[in-house]
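# here is my input; please provide its structure:
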Amino acid sequence: MKAFLLAAGLGTRLRPITDTLPKSMVEIGGEPLLDIWLDALAAAGVTDVLINLHHLPHLVRKHVENREHGPVVHLTEEPELLGSAGTLAANRAFVAGEEMFLAINADNLTDVDLGALIDAHRAGGAVATLSLFHAPNPSACGIAEVDDSGRLIGFEEKPQHPKSDLANAGMYAFGPQVFDLIGTSKPQDIGTHVIPQLVGLAHTMPIDRHYFIDIGTPAALEQARAEWKGRSTT
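Numbering: from 1, shown residues only. I've put the predicted structure just below:
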């Protein structure tokens, strides 16, 4: 099993922290967010992970070189940001011959079992399986509508008038057919450009019982640090 860990963002909302540190290297519970994700992917049976780099890439490279356990990490630098979907398209050869692969946004903190996402995708037989959470502020998220079977029947990125509070959690299982949905203009984003084309084709997996937070602002990061520490000591 292979996975993309999408980590090239500038992390502008986390400034000044991200002036000198990539967002994926911010520490939570004494370890970088990047390691939390790599360990979770390894636990799910992922053997190879491709991480895209852009902002302060040398810091990620140095850290990855010093890791002593799996998964195997492949690094690719983007002088120009390609967008989340653009990264998939540019590195299609990485997953050539795979029946499915994962794509994960590296800027969230969660205890979701990624193995469950793999199992859900295999059981559903769809081109894609999206993870969803209940968002406290739906207008700030990509919002999904699903039917009683969990099939995606609507999606809108940051809607002014949300039709639900089910938000895209940025953890995806994809079949190779998804590459046919990625355009050639740059940048190409999974939420903006790909998921709307998956309406009627994708299945979804709720993660309501799991911890999930976007650590994209200093306040959210401090909240995550406090809550993650509290979880580990109870």
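
# for the record, mean pLDDT for the biggest strand by length in the chain?
As assigned by DSSP state E, the longest strand anywhere in the chain is strand 166-174. Strand 166-174 carries an average pLDDT of 95.

# adjacent strands (with direction) for that strand?
Using DSSP bridges, the strands paired with strand 166-174 are strand 101-105 (antiparallel), strand 128-134 (antiparallel), strand 142-146 (antiparallel).

# contacts for the top helix by length along the chain next, please.
In the chain, taking DSSP state H as the definition, the longest helix is helix 218-232. For helix 218-232, the external contacting residues (CB atoms under 8 Å, 6 or more residues apart in numbering) are 14, 17, 26, 28, 29, 109, 111, 211, 213, 214, 215. Every C-beta, even on glycine, is put in place using the N, C-alpha and C of the backbone.

# hmm, 10 Å instead?
Contacts to helix 218-232, defined as CB atoms under 10 Å, 6 or more residues apart in numbering, come from residues 13-17, 23, 26-30, 33, 36, 108-111, 211-215, 217.

# among those, which are in strands?
If you go by DSSP E, those have 27, 28, 108, 109, 110, 212, 213, 214 in strands.

# let me see the contact set for the residue lying closest to residue 25 once chain neighbours are set aside.
Counting by CB to CB, 6 or more residues apart in numbering, the nearest residue to residue 25 once its immediate chain neighbours are dropped is residue 32, at 4.7 Å. By CB under 10 Å, 6+ apart, the contact set of residue 32 is 21, 22, 24, 25, 26, 38, 59, 60, 63.

# helices - which of these land there?
Using DSSP H, 38, 59, 60, 63 are the members of the contacts of residue 32 that sit in helices.

# which one of these is nearest to residue 180?
Nearest to residue 180 among the ones in helices among the contacts of residue 32: residue 38, at 29.1 Å, using CB to CB.

# if we can go back for a sec, could the ones in helices among the contacts of residue 32 go into a markdown table alongside pLDDT and neighbour count?
Putting these into a markdown table (pLDDT from 0 to 100; neighbours: other CB atoms under 10 Å) gives the following:
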| residue | pLDDT | neighbour count |
| --- | --- | --- |
| 38 | 96 | 24 |
| 59 | 91 | 16 |
| 60 | 91 | 24 |
| 63 | 89 | 16 |
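
# redo these as JSON lines? Include distance to residue 203.
Shown next, in JSON lines, are these (distance: CB to CB, whole Å):
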{"residue": "38", "distance to residue 203": "26"}
{"residue": "59", "distance to residue 203": "37"}
{"residue": "60", "distance to residue 203": "32"}
{"residue": "63", "distance to residue 203": "35"}
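
# which among the residues you listed gets closest to residue 115?
Distance to residue 115, by CB to CB, is smallest for residue 38 among the ones in helices among the contacts of residue 32, at 14.8 Å.
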